[in-house]
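Q: Just to be clear, the model below is a prediction. Sequence and coordinates:
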Amino acid sequence: MAFIQWDKSFSVGTTALDADHRRLIEILNRIYDSWQIDPSKVELDQLFDELLDYTDGHFNREESKLAARDYADLAAHHAQHERLREMVMAFRARHLAGNKPDALTEDMAKFLKTWLMDHILVEDMKYKSLFTAQP
């Protein structure tokens, strides 16, 4: 079973952002699977890079869509995105330094799962009405 399973309750009302969230879940599942096989594996470094690259693109797309709709909480939303990016960069740096890869990656996987679920189901749902409201 997947570490994180996409569910229709994660939909934020826009196909593009839902697709981004599905892709983020896929990357997190690959990180978790890679850790299960071999936490010291080089593939984890590549997956961290992929996660950082993809989140940067997703955050830019999401924030652009929110800015175009004058989303009142955009600054706070952006700050949450920056926090995630900083945490992933810190996990990656610790992994590259060889600091307890088993515990590190387990902690990271739990953090990322919790962060993503909370972010989508709580924070992103705050803007859903911007995309689903009828004119």
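A: Looks like it arrived, so ask away.

Q: Please make it C-alpha for all contacts and neighbour counts, starting now.
A: OK.

Q: can you give me the helices for the chain?
A: Under the criterion DSSP state H, helices of the chain are mapped to 15-37, 42-68, 74-96, 101-118, 128-132.

Q: With mean neighbour count and distance to I4 as added columns, please give the ones you listed in JSON lines.
A: Formatted as JSON lines, those follow (neighbours: other Cα atoms under 10 Å; distance: least, Cα to Cα, whole Å):
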{"stretch": "helix 15-37", "mean neighbour count": "17", "distance to I4": "6"}
{"stretch": "helix 42-68", "mean neighbour count": "16", "distance to I4": "15"}
{"stretch": "helix 74-96", "mean neighbour count": "15", "distance to I4": "17"}
{"stretch": "helix 101-118", "mean neighbour count": "16", "distance to I4": "7"}
{"stretch": "helix 128-132", "mean neighbour count": "13", "distance to I4": "21"}
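
Q: so can I have TSV of those helices showing mean pLDDT?
A: Compiled in TSV, these are given as follows (pLDDT from 0 to 100):
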stretch	mean pLDDT
helix 15-37	90
helix 42-68	90
helix 74-96	89
helix 101-118	79
helix 128-132	92
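
Q: Serialize those to CSV and add fields for distance to F3.
A: Shown next, in CSV, are the helices of the chain (distance: least, Cα to Cα, whole Å):
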stretch, distance to F3
helix 15-37, 6
helix 42-68, 15
helix 74-96, 18
helix 101-118, 8
helix 128-132, 25
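
Q: Looking at those helices, which is nearest to Q5?
A: Nearest to Q5, of all the helices of the chain, is helix 15-37, at 7.5 Å by Cα to Cα.
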